[in-house]
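1. Generate coordinates for the sequence data below:
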Amino acid sequence: MNKLFQEEKSKTIERIHQLESKFVRISWGRVAVFLAGIILLSFGLSRNNPILLLGAAASFICFLVLVSIHGHVSLDLQDEKTREHVIDSYIQRLGTEWKEFEDDGSDLMGKDDHAAFDLDIAGPASMYQLLHICHTEEGRKKFYASLLPPEELPSDVEERRSAIRELSGKFSFLCALESVTTRITTKMKKKKSFFVDAEAEKKKQEKKEEMKGFPAWMQLFRFLIPAVMTILVIFTIMGVLGAGYLVLAFLISLVITLTPGDSILSMMLPVFRFGQSAKDLIGLLELIAEENFESGILAEMKEKISRKGGILSAAAEMRRIGQAQSLSYNTIVHLLLNGFLAWDFHVGYAAYVWNEKNGELYRECMEVIASFEELGSFAVLPIVRNTAEPQLTSSDSKMIKAEGVYHPLLAQDTVVANDVAFASQVTMITGSNMSGKTTLMRTLALNLCLMYAGADVCAERFSAGFYRVFTSMRIRDDVTSGISTFYAEILRIKEMADYVQKGGSVPALCMIDEIFKGTNSADRIAGAEEAIRTLSTGNCMVVVTTHDFELCEMKSADGKPVENYHFEEYYEGDNIRFDYTIRDGRCTTRNARALLTMAGLFHGETADYADTV
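-> Below is the predicted model of the structure:
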């Protein structure tokens with residue numbers, strides 16, 4: 001993987017060096033040509049030499065051409081530097097530097113998104129932070145929602161899987177996609193374009209409701225003013241009329257064309273929405289339109305963009321209208337164009353017609369871009385991790401089976417993979433502190449979320465049915481509502497029980513970490529037994545981690561013994577070590593005293609590192 005990134009980065013750096021050299025050469029060329037023009041103009045005027053004056057004119061024209069070329073080279077240079085930054089982000093995902101990525105999706109998490117907090121789906125050091133290549137707000141929200149455990153299996157999960165796997169093989173395309181969306185959102189923040197605030201959008205809708213069509217009087221003056229002004233200019237040149245008539249007509253034209261400024265503005269809002277990002281937007285649409293896609297989802301989105309009269313052609317037309325409107329940024333030019341040609345009426349009419357025909361372009365455009373960002377984010381995983389295509393089995397089988405499964409957020413070169421085959425109604429996992437119990441539960445839950453989203457999973461093999469995933473891991477109290485940690489956990493498990501007892505058609509997978517750890521041991525064991533037995537009465541698999549070995553002897557509601565697995569520790573001198581490997585059966589050791597002793601907090605005679613049960 002790293003070799004692929006380094007090759008792409010080397011190519012990008014080479015292009016950057018070439019563009020920087022070209023940029024410098026053109027800069028000096030501009031200066032030289034401009035100075036030559038000044039010198040030729042000076043000598044031409046002083047000596048009244050038409051050849052030198054023509055040379056000066058040619059020099060200035062050449063200068064303008066070089067300015068244009070210089071601008072294009074500057075943009076290309078920005079593109080390549082952005083691409084280098086994107087490639088660096090992939091390299092950072094191989095280690096731990098990705099945890100410094102600015103966007104971790106924390107702002108997307110709702111108060112009741114328990115799984116997002118429990119499973120590190122969003123927030124610092126999260127799945128969102130590791131994988132996302134989303135820079136539009138729609139893309140961010142869409143990707144976050146797809147990471148969460150779904151209530152129902154998406155009907156298009158296999159089509160999504162095909163699209164994600166195809167994108168994972170298009171690294172260069174993904175880099176280009178993220179490079180352009182990065183530039184677009186950067187301009188959004190600086191220019192406040194591409195999006196329109198709610199108040200402006202509301203005014204636009206009010207204007208549209210008031211305006212059943214393009215006003216007839218504007219339509220009349222759109223043709224009448226240019227015709228009248230053309231006749232007056234001709235008559236003035238011929239000497240038929242005095243210049244005063246032309247000036248008077250010009251002022252009247254300005255009054256007519258500038259008075260309905262708000263109405264023209266409302267017609268132009270769809271154009272303003274894209275603002276300075278129009279060029280990048282069209283570049284992004286062209287990037288998608290020029291790529292070959294085989295999967296149905298991607299091919300369908302490309303068709304929306306590239307077909308005749310599709311999003312790309314509409315965006316290009318919108319850009320031309322925006323370029324025409326941009327002439328009004330120069331006040332003198334704006335006045336002349338309006339006074340002689342009723343320019344605002346022509347531009348307003350073009351925007352009105354465009355909006356009537358393409359009013360949904362903005363929504364459709366953002367939907368397509370957001371979908372590519374979301375699917376592309378999932379496609380990042382096979383690029384930076386060793387993954388496999390999961391097998392979605394019938395949920396009736398009640399089994400989660402995996403070989404070489406590992407946690408996606410842990411570094412590839414140090415993570416420990418495990419083999420699991422959970423098939424019992426209740427699975428109990430015991431083990432020492434820090435031995436890997438909770439990490440295994442999160443590993444399974446995160447990979448299930450990836451599978452349900454249509455993505456690959458971090459395993460050699462992985463198969464499971466569809467489950468409604470519930471979690472109770474990082475329980476937080478709520479001081480403002482008077483809810484303790486223990487009661488918060490009760491509410492979380494009650495939510496699981498309510499779902500199970502309602503007999504939902506989709507089986508539940510309830511993953512509970514350190515069940516009822518917030519109360520005394522007697523109440524904890526009794527309460528845990530009752531809660532687990534209640535959950536096991538319905539269409540449900542329960543996976544529980546605990547330090548209470550008494551729970552290893554309990555039976556589920558159907559009278560079957562719970563299935564037991566455990567993690568162990570070992571010691572090298574005074575140091576505790578873990579191999580993070582799951583084993584059959586219940587745990588026979590514990591390490592709390594050893595950890596307390598190492599911290600200097602326990603000095604009892606029974607502080608035995610090999611404390612067994």
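
2. Can you classify the residue nearest the centre of the chain as helix, strand or coil?
-> By C-alpha atoms, centre = their mean, the chain has its centre lying nearest to Cys134, at 2.0 Å. The local conformation at Cys134, judged by DSSP: H, G, I helix; E, B strand; the rest coil, is coil.

3. correct me, but Lys170 touches Asn292?
-> No - Lys170 lies out of contact with Asn292 (C-beta atoms under 8 Å); the separation is 9.4 Å. Heads up, the C-betas are built off the backbone N, CA and C, glycines and all.

4. Pick out whichever of these two has more residues nearby.
-> Lys170 (18 against 10; other C-beta atoms under 10 Å).

5. if we can go back for a sec, measure the residue nearest to the centre of the chain to His70 for me?
-> In this view, Cys134 and His70 are 33 Å apart by C-beta to C-beta, to the nearest Å.

6. same check, this time on Tyr406
-> In terms of C-beta to C-beta, Tyr406 sits 51 Å off from His70.

7. what's the answer for Leu220, then?
-> 45 Å.

8. Name the residue in those two with the higher neighbour count.
-> Legend: neighbour count by other C-beta under 10 Å for Leu220 and His70, higher for His70 (17 against 11).

9. Quick one: mean pLDDT for the helix or strand harbouring the more buried one?
-> His70 belongs to helix 50-94 when assigned by DSSP states H and E. The average pLDDT for helix 50-94 rounds to 89.

10. wait, what's in contact with Thr443?
-> 405-408, 418, 458 (C-beta atoms under 8 Å, 6 or more residues apart in numbering).

11. ok, now how distant is the residue nearest to the centre of the chain from Val542?
-> For Cys134, the distance to Val542 - C-beta to C-beta - is 35 Å.

12. Give me the phi and psi for the nearest residue to Glu550 once chain neighbours are set aside.
-> Excluding its sequence neighbours, the residue lying closest to Glu550 (C-beta to C-beta, 6 or more residues apart in numbering) is Ile525, at 5.2 Å. Torsion angles at Ile525 (phi, psi; degrees, to the nearest 10) stand at phi -70, psi -50.

13. so how many other residues sit close to Ile525?
-> Applying other C-beta under 10 Å, we find 19 residues neighbouring Ile525.

14. now it: how far from Ala56?
-> Distance of Ile525 to Ala56, given as C-beta to C-beta: 96 Å.

15. got it, and Ala249?
-> For Ala249, the distance to Ala56 - C-beta to C-beta - is 37 Å.

16. Then Gly518?
-> With C-beta to C-beta as the criterion, Gly518 and Ala56 are 86 Å apart.

17. Check Glu364 too.
-> Glu364 is 51 Å from Ala56, by C-beta to C-beta.

18. Looking at these two, which is more packed in?
-> Under the criterion of other C-beta under 10 Å, the comparison of Glu364 against Ala56 puts Ala56 first, with 21 against 17.

19. Spit out the contact partners of the more buried one.
-> Listed by C-beta under 8 Å, 6+ apart, the contact partners of Ala56 are 37-38, 40-41, 44.

20. Number of residues surrounding Asn520?
-> Residues lying near Asn520 (other C-beta under 10 Å) number 8.

21. where exactly do the strands run in the stretch 401-550 of the chain?
-> In the stretch 401-550 of the chain, the segments counted as strands under DSSP state E, counting those that start in this stretch are 418-422, 426-431, 461-464, 468-472, 508-513, 540-545.

22. quick one: buried residues of the first one?
-> The reference is to strand 418-422. 418, 420, 422 (16 or more other C-beta atoms under 10 Å).

23. thought the first one was touching Val405?
-> Yes - with the criterion set as C-beta under 8 Å, Asn418 and Val405 qualify as a contacting pair; they are 5.9 Å apart.

24. Who is Arg468 paired with across the strands?
-> Per DSSP bridges, the residues bridged to Arg468 are Ala508.

25. how close does it sit to Val500?
-> Using C-beta to C-beta, we find Arg468 at a distance of 9 Å from Val500.

26. any shared contact partners between the two?
-> Residues touching both Arg468 and Val500 (C-beta under 8 Å, 6+ apart) are Ala508.

27. wait, doesn't Ile69 sit right on Ile26?
-> Yes - using C-beta under 8 Å, Ile69 is in contact with Ile26, at 6.0 Å.

28. So for the two, which sits in the more crowded spot?
-> Neighbours were counted for Ile69 and for Ile26 using other C-beta under 10 Å; Ile26 has more, 18 against 14.

29. Perfect, I'm done here.
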